[in-house]
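Visitor: Turn this into a model:
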Amino acid sequence: MRNRSKNRDKAVPGTVVVIGGGWGGCAAAVAARQANAAEVVLLERTDLLLGCGLAGGIMRNNGRQTAAEELIALGGGTLIQAADSVSTHRGVDFPGHRHASLYSTSRIESVVRTRLREQGVTLRMRSRVTDIEAAQGTVQAVVLHDGTRIAGDVFIEATGSAGPMGNCVRFGHGCAMCVLRCPSYGPRVSLTERLGLADYVGMRADGGVGSFSGSCELRKDSLAMFLRRELERCGVLVVPLPPELSHGELLAQKSCRQYALPQYAGNLVLLDTGAMAKLMTPFFPIDELRRLPGFEGAVFGQGCGHANSVRFLSRAPRDAALQVQSFENLFCAGEKAGFFVGHTEAMVTGTLAGHNAVRRLRGVESVVLPHTLACGDILAAEQEGLNAQDCLAKRYTFSGGEYFERMQAKSLYVADPEPVVARVRREGLEGLFAPKTVTPVTRRRT
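Guide: Numbers count the residues shown, from 1 in each chain. Okay, the predicted model is just below:
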């Protein structure tokens, strides 16, 4: 928290500063503008938005369908609709998952960037935040790698939980040169740690630190034509593996526990995400991959055959409104807000953090989403889970694992949009995040 800035930027009164341009940070920026913040500045350390979303591509599978429709009904569906607009396939079923939509990972970034600019968000790319200034529980500014000081009234940390390179070396198999591109743009810095707070560090089911990203990408044009045609026709391709090529040990190391099913050890599961084929395993030895028919010339697009990014190394201490502990004007979103897996999950945290940031500006009480909505229940479940046994190894996603089971047990999982809209309406929250000046919320009493 030392002051080493070479110059000072004066903030427009009512400025929200978002640090990190992944799905969570982008959602926070949109929500803050929709809540009528005077200015929203998004700082992204690389030259592209979306972070891990650049190699993602999966939406609306299992309970994510419910959460997506809840967000839309709540008025926070701008980015859901952006992903829908570049879908390569809809209604895709693959092992353990139903009715998925797959978006084009090569088209999504420009679409999201356009949506943010239309909302009036100020984008500052190649702006890596390395320090933070605060006094008496109030954040005053963040400092960029070049010493530039960015002042604001409310701040949202959405810096993610992966990187820098040293962590991938220490807790993984080295740098895979993934979409986070730490060698080119510098390492992620945890601002909550810079403030003296202790971040939670996730663990793997096998006892390791963090988790490997659950998938990698193959260049689709490196696959045999018969594979490409089938993948583009169906959106999914399941290729049985001979026993000697099965890598079941990887299931315990994946961040995406919803894909840690036996089918993913005995098969290669590929999804069509546009120019790339998403391979649902953290990595796969290239020499073994090329032994399979149709994969003789396979080449990785993102990731490699030996390593992948290590995530869930930096979860901030926060409350149910996503306000960071001990700091009245600092919120968090994305993986920084919890051990959440997935784009929809990041959008939920970002939307709530961005909206509550503006409520803080206006002196209005923060919103806490109720347990009767999946979007509120997952936030509560993750917070409650910190007190459970093996809490640091748990992951939370609408699409599978323990939380999806909880969704079903509580009858929160609904694929049809109409009852989801009715549920949001019953809570008096329809259009909560829609463009307007924030006002107190009165919900149905239970």
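Visitor: Tell me how many other residues crowd Arg98.
Guide: As a burial measure, Arg98 scores 14 neighbours (other C-beta atoms under 10 Å). The C-beta positions use only the backbone N, C-alpha and C, and glycine is treated the same way.
Visitor: what residues are up against the residue nearest the centre of the chain?
Guide: Nearest to the geometric centre of the chain sits Ala346, at 3.8 Å (C-alpha atoms, centre = their mean). Residues near Ala346 by C-beta atoms under 8 Å, 6 or more residues apart in numbering: Gly22, Trp23, Gly24, Ala27, Gly53, Ala333, Gly334, Glu335, Phe340.
Visitor: now with 10 Å?
Guide: Counting by C-beta atoms under 10 Å, 6 or more residues apart in numbering, Ala346 makes contact with 22-28, 50-53, 56, 79, 158, 160, 333-338, 340.
Visitor: State which helix of this structure is the longest.
Guide: Ordering each helix of the chain by length in residues (DSSP state H) puts helix 343-362 first.
Visitor: Identify each buried residue in that helix, please.
Guide: 343-361 (16 or more other C-beta atoms under 10 Å).
Visitor: what does stretch 234-249 give?
Guide: Within stretch 234-249, the residues that count as buried by 16+ other C-beta under 10 Å are Gly235, Val236, Leu237, Leu241, His247.
Visitor: and which of the residues you listed is nearest Gly385?
Guide: His247 (28.1 Å; C-beta to C-beta).
Visitor: residue boundaries of the helices in this structure?
Guide: 23-34, 63-74, 78-85, 108-119, 165-171, 182-185, 191-194, 225-234, 263-266, 286-289, 343-362, 374-385, 401-409, 417-426.
Visitor: Would you mark the buried spots in the fourth one?
Guide: This means helix 108-119. Using 16+ other C-beta under 10 Å as the test for burial, helix 108-119 gives Ile108, Glu109, Val111, Val112, Arg113, Arg115, Leu116, Gln119.
Visitor: Against which helices or strands is that helix packed?
Guide: Packing contacts for helix 108-119, counted by 3 or more C-beta pairs under 10 Å, 6 or more residues apart in numbering; DSSP states H and E, involve helix 23-34, strand 39-43, helix 78-85, strand 122-124.
Visitor: Kindly recompute the last result at 6 Å.
Guide: Applying 3 or more C-beta pairs under 6 Å, 6 or more residues apart in numbering; DSSP states H and E, one finds that helix 108-119 contacts helix 23-34, helix 78-85.
Visitor: right, so of those helices, which gets closest to Leu42?
Guide: helix 23-34 (4.6 Å).
Visitor: Would you point to the one among the helices and strands packed on helix 108-119 that's packed deepest?
Guide: Mean neighbour count (mean count of other C-beta atoms under 10 Å) peaks for helix 23-34 among the helices and strands packed on helix 108-119, with a mean of 32.
Visitor: Measure how buried Gly22 is and give me the count.
Guide: Using other C-beta under 10 Å, Gly22 has 28 other residues around it.
Visitor: I should have written Val209 there, sorry.
Guide: Neighbours of Val209 (other C-beta under 10 Å): 16.
Visitor: thinking it is in contact with Phe171, fair?
Guide: Yes. Between Val209 and Phe171 there is a contact at 4.5 Å, judged by C-beta atoms under 6 Å.
Visitor: Let me know the closest of the buried residues of stretch 234-249 to Ala434.
Guide: Nearest member of the buried residues of stretch 234-249 to Ala434, counting by C-beta to C-beta, is Gly235, at 32.0 Å.
Visitor: Relative to Ser106, how far out is the closest residue to the closest one other than its chain neighbours?
Guide: Nearest residue to Gly235, sequence neighbours excluded (C-beta to C-beta, 6 or more residues apart in numbering): His89, at 3.3 Å. The spacing between His89 and Ser106, counted by C-beta to C-beta, to the nearest Å, is 15 Å.
Visitor: Neighbour count: the two, which is higher?
Guide: His89 (20 against 16).
Visitor: Go ahead and confirm that one touches Ser104.
Guide: No. Counting by C-beta under 6 Å, His89 stays clear of Ser104, with 9.9 Å between them.
Visitor: For the stretch 151-300 of the chain, give me the ranges with low pLDDT.
Guide: Flagging of the stretch 151-300 of the chain using pLDDT under 70 yields the residue ranges 249-260.
Visitor: hey, where'd the strands end up in it?
Guide: Using DSSP state E, counting those that start in this stretch, the strands of the stretch 151-300 of the chain run over 154-157, 211-212, 216-219, 236-240, 267-272, 276-279, 300-302.
Visitor: Return the set of buried residues in stretch 262-274.
Guide: Across stretch 262-274, burial judged by 16+ other C-beta under 10 Å covers Tyr264, Gly266, Asn267, Leu268, Val269, Leu270, Leu271, Asp272, Thr273, Gly274.
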